[in-house]
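> Sequence and predicted model, in that order:
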Amino acid sequence: MNLKSYLSSLERGASSRIASSLGISISYLSQMASGKSPISAARCVAIEQATHGAVTRRDIRPDDYWQIWPEIDDRLSERGAEKVIPIPIPMRLHDNSEAREQVAFTEKKVGAFIAGNNG
């Protein structure tokens, strides 16, 4: 489900609570949902968690999710799943620094995977 549809389906005030849990304003959340503001990889993870999986990283970034998070790539069977290193995603992000660490770790692993250095 895309972010805009998800927010539209919520009861009154729920969008404000989600924005607050993400540490952003409701107007910025609306801009992200409408596509006016890009959504970073770290913010995708936080949105997925804030929506309890109703809006996934794959939903938010359908064109490049597999490059950022190879562990959720549904095309792995074509390339050989044994080469992918699973990367755990924290269940709850307490602040943005934890999300940035997760993205940095993921980017390092993706770079190694692409370079063929997955050992």
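Done, it's in. Numbers count the residues shown, from 1 in each chain.

> where are the low-confidence patches of the chain?
75-119 (pLDDT under 70).

> What are the boundaries of the helices in it?
3-9, 14-22, 26-34, 41-50, 57-60, 65-68, 76-79, 96-115 (DSSP state H).

> buried ones in the fifth one?
Put plainly, it is helix 57-60. Buried positions in helix 57-60, judged by neighbour count with 16 or more other CB atoms under 10 Å: 57, 59-60. All C-beta spots, glycine's among them, are computed from the backbone N, C-alpha and C.

> Which of those residues sits closest to residue 9?
residue 59 (13.6 Å; CB to CB).

> picking up where we left off before, okay if I get the buried residues of helix 57-60 as CSV plus distance to residue 8?
What follows is the buried residues of helix 57-60, written out as CSV (distance: CB to CB, whole Å):
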residue, distance to residue 8
57, 20
59, 14
60, 16
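
> Run through who's touching stretch 23-41.
Residues from elsewhere that reach stretch 23-41 (CB atoms under 8 Å, 6 or more residues apart in numbering): 2-4, 7, 15-16, 18-19, 22, 43, 47, 57, 60-61, 68, 96, 103, 106.

> Against residue 30, how distant is residue 52?
Separation of residue 52 from residue 30 (CB to CB, to the nearest Å): 20 Å.

> These two: which is more packed in?
residue 30 (16 against 7; other CB atoms under 10 Å).

> if I look at the more buried one, how far off is residue 65?
22 Å.

> Same question for residue 56.
8 Å.
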